[in-house]
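In: Okay, here's the prediction I keep looking at, along with the sequence it came from:
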2 protein chains.
Amino acid sequence: MVTIKDIAKAAGVSHTTVSRALKGNPVISPETRARIQILAREMGYTPSAVAQSMRAQRTHTVGMVVTTIADPFVVQVVEGVESVARAAGYSVLLCTSHDDPDQEIDVVETLHRRRVDVIIVTSSRVGSLYPERLGQLRVPIVLINNQSEGQYLYSVAVDDVQGAQLAVEHLLKLGHRRIGYVGTNRRPRSSRRRLAGYEKALDQAGIEPDPALIPPPVSKADIERGAEALAHLLTTDATAVFCYNDLIAIGLLLACRQRGIAVPQQLSVVGFDDIESAQFVSPALTTVNQPRLQLGQLAMRMALDLLNRQEVQDQLLLCKLVVRESTGPLKL
Amino acid sequence: MVTIKDIAKAAGVSHTTVSRALKGNPVISPETRARIQILAREMGYTPSAVAQSMRAQRTHTVGMVVTTIADPFVVQVVEGVESVARAAGYSVLLCTSHDDPDQEIDVVETLHRRRVDVIIVTSSRVGSLYPERLGQLRVPIVLINNQSEGQYLYSVAVDDVQGAQLAVEHLLKLGHRRIGYVGTNRRPRSSRRRLAGYEKALDQAGIEPDPALIPPPVSKADIERGAEALAHLLTTDATAVFCYNDLIAIGLLLACRQRGIAVPQQLSVVGFDDIESAQFVSPALTTVNQPRLQLGQLAMRMALDLLNRQEVQDQLLLCKLVVRESTGPLKL
DNA sequence: TTGTACGCGTTATCAA
DNA sequence: TTGATAACGCGTACAA
């Protein structure tokens, strides 16, 4: 690996001069600067970011912790983070926690060991776990859609309440009155919030929420959760259902097809997330779009602000309703 | 940030002793070792990977270059790489090239500057671009499903020919004789290979390939490409079609629904990749499964072998056929 | 058993 | 305009 010392030797100057010449320091004479720059190119020199980090006590690296990359939600968030990061000269260290608090702590330690300048975590549970350790680390942490309260933390999140309201108001406008909600206990906090939005919308329409229309959450893969929730709802008089996310909604749709239940004629279905598959299922899924790319971009911008010692404020992003074919007017 | 020197000062020993104590060097007396380890924990010490990299001339970092994370294909490959990497004590720097050769070169330079130990690139075009520079870098590069030939490079790929053969043989077994192929020019190399597999399967069945059944590739988003290809095929007597990938196949399926063409009764459709949406579309898509997770794992293992100066050999992975509902027997 | 000194590659400070 | 030196944090050869 060629270093500035190698170049210095070849040019017959000190490595200090080389360093200055390469960064265009005006104190170096134009001729030597040019000579050294050419030499550096010829020798295939690339400055060592490791040494620079060592010296500057800054790595220009952001640690990104996700539950799993396989989650269609996560993908675009990462994309948003990466694009903003790279534009600002930062690189992204990607780690997965597999939704396991222990692994989440483990990767946060790894990232700290690697001296990342800032950490971004999606759907975290880390906050409540060990605040004293976070205090020790002194690494700013930005949470995306975090599932836990905590100090030392900054956050960017989607407005779950507002999104859920959009979904349920849409169903109400179509004439539905008996509307179910299928939650999850794998994301307790946002599931509670979407439930709150659901109840708020019903409340504003003067409808009393009916616990019978809310199948108790079970810990299962989302697709099966949807099928199972359908079985429960069929024992009720529900004419529409709002699901915690698209995968659950898709599982429910597939179960409808198996059981010969017409969507939306017999049952209207709304999801949440707007993942890619939502537009391809049949009928295409009406859902609530989370601005995922924006979520990632905003998180990274907030991270940059933190690094520049700017004031930052927690952000709440609004969702948009995407009406497709899985919802229709109430049939009497 | 607390360093071994801080601990040394607090313990009244030299930083050398601290260093040795913390890595359990048996030359240190058990009492001082214990004392120092406790002290280190209390002070919240984490060794600096930056300094360690500096000293060891090794970063234990792998650079991963993908076209875009949004590609459902890429996701699992990254997952495979990350899991093997982390198990081996490596971290992953993730970069996107957006399928732009310039950006691809740019990120490779960035990764080199950061002194990653090895680089993994998916669907690369980098190989042919600047072999002399790659020779300078001296960073081993592992390519996944690469689209270009080149030296200094190691590769892991899926057997496109075999996968395509599986798909077409399946259609032949169902009685189809007039089978179309919808390729792409965005992945020229693997599209050519899948075409080769298609032709090979036909050949073995004693069928002459008919160029009329192969809509000329156009540079468009995959979904539209599928719709457009269907329009072309409807002017022929094709009874089945094999698509370069699932997104094209899904686009074709959606177009069929719009035009009222029954799948598989009037047209059998096969995709390639087995992305998540393939199981959710209606009818569920018969497709060729690429072992994506394995692809990523294998690439990272090969990377580790390279770092340990072991012999490595380019690998070709076999695909599996996944029969769902979009293919059926030829109707006479 | 412990400590001293040095180097990894870069940049800032001070001196010439 | 250029150079010598030190420092970032760690690990190791060598000395005590």
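Out: Structure received.
In: where do the strands sit along chain A?
Out: Per DSSP state E, chain A carries strands over the ranges A:61-66, A:91-96, A:118-122, A:141-144, A:153-158, A:179-182, A:240-243, A:268-270, A:287-289, A:315-317, A:320-322.
In: As a markdown table, those with distance to DNA strand C would be great.
Out: All C-beta atoms are positioned from the backbone trio N, CA, C, and that covers glycine. Listed next are these as a markdown table, based on distance: least, Cβ to the nearest atom of the strand, whole Å:
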| stretch | distance to DNA strand C |
| --- | --- |
| strand A:61-66 | 16 |
| strand A:91-96 | 16 |
| strand A:118-122 | 21 |
| strand A:141-144 | 27 |
| strand A:153-158 | 29 |
| strand A:179-182 | 55 |
| strand A:240-243 | 53 |
| strand A:268-270 | 54 |
| strand A:287-289 | 44 |
| strand A:315-317 | 33 |
| strand A:320-322 | 45 |
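In: center of chain A - which residue?
Out: residue A:77 (4.3 Å; Cα atoms, centre = their mean).
In: Which residue would be the closest one in the stretch 51-200 of chain A to DNA strand C?
Out: Residue nearest to DNA strand C within the stretch 51-200 of chain A (Cβ to the nearest atom of the strand): residue A:51, separated by 3.4 Å.
In: Give me the neighbour count for the nearest residue to that residue once chain neighbours are set aside.
Out: Closest residue in space to residue A:51, ignoring its immediate chain neighbours: residue B:54 at 6.3 Å, by Cβ to Cβ, 6 or more residues apart in numbering or on different chains. Other residues within reach of residue B:54, judged by other Cβ atoms under 10 Å in any protein chain shown, total 18.
In: how much space between residue B:54 and residue B:189?
Out: 40 Å (Cβ to Cβ, to the nearest Å).
In: again, but for residue A:277
Out: Distance from residue A:277 to residue B:189, counting by Cβ to Cβ: 28 Å.
In: Kindly report the same for residue A:106.
Out: Counting by Cβ to Cβ, the gap from residue A:106 to residue B:189 is 39 Å.
In: same question, residue A:116
Out: Residue A:116 is 36 Å from residue B:189, by Cβ to Cβ.
In: if we can go back for a sec, quickly note the distance from the residue nearest to the centre of chain A to residue A:66.
Out: Here residue A:77 is placed at a distance of 8 Å from residue A:66 (Cβ to Cβ).
In: Quickly list what's touching both of these two.
Out: residue A:122 (Cβ atoms under 8 Å, 6 or more residues apart in numbering or on different chains).
In: beta partners for residue A:63?
Out: Beta bridges link residue A:63 to residue A:93, residue A:119, judged by DSSP bridges.
In: For chain A, name the helix or strand with the lowest mean pLDDT.
Out: Averaged element by element with mean pLDDT, DSSP states H and E, chain A has its least confident helix or strand at helix A:131-137 (a mean of 76).
In: that older thread, residues touching the residue nearest to the centre of chain A, list them.
Out: The contact partners of residue A:77, by Cβ under 8 Å, 6+ apart, come to A:66, A:122, A:144, A:292-293, A:295-296, A:299.
In: Among these, name the buried ones.
Out: Neighbour counting by 16 or more other Cβ atoms under 10 Å in any protein chain shown classes A:66, A:122, A:144, A:292-293, A:295-296, A:299 among the contacts of residue A:77 as buried.
In: Same list, those residues, but as a markdown table with distance to residue B:319 and pLDDT please.
Out: Shown next, in a markdown table, are these (distance: Cβ to Cβ, whole Å; pLDDT from 0 to 100):
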| residue | distance to residue B:319 | pLDDT |
| --- | --- | --- |
| A:66 | 28 | 94 |
| A:122 | 32 | 89 |
| A:144 | 35 | 92 |
| A:292 | 31 | 94 |
| A:293 | 32 | 95 |
| A:295 | 35 | 96 |
| A:296 | 33 | 97 |
| A:299 | 37 | 97 |
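In: just these now: which is nearest residue A:20?
Out: For these, the closest approach to residue A:20 (Cβ to Cβ) belongs to residue A:299, at 37.1 Å.
In: what does the stretch 1-150 of chain A put close to DNA strand C?
Out: A:1, A:3-5, A:15-16, A:19, A:22-23, A:45, A:47-48, A:50-52, A:54-56 (Cβ under 7 Å from any atom of the strand).
In: For residue A:277 and residue B:189, indicate the residue with more neighbours.
Out: Shown here are residue A:277 and residue B:189; by other Cβ under 10 Å, residue A:277 has more neighbours (25 against 16).
In: Tell me how far that one lies from residue B:146.
Out: Look at residue A:277 and residue B:146: by Cβ to Cβ, they are 28 Å apart.
In: before we move on, what about residue A:121?
Out: 33 Å.
In: quick one, which of these two is more surrounded?
Out: Neighbour count, other Cβ under 10 Å: between residue A:121 and residue B:146, residue A:121 has more, with 28 against 24.
In: my guess is the more buried one meets residue A:139, correct?
Out: No. Look at residue A:121 against residue A:139 with Cβ atoms under 8 Å: they stay out of range, at 11.1 Å.
In: burial count for the nearest residue to residue A:18 once chain neighbours are set aside?
Out: Spatially, and ignoring its direct neighbours in sequence, residue A:18 is nearest to residue A:4 (4.4 Å; Cβ to Cβ, 6+ apart). If you count neighbours by other Cβ under 10 Å, residue A:4 ends up with 23.
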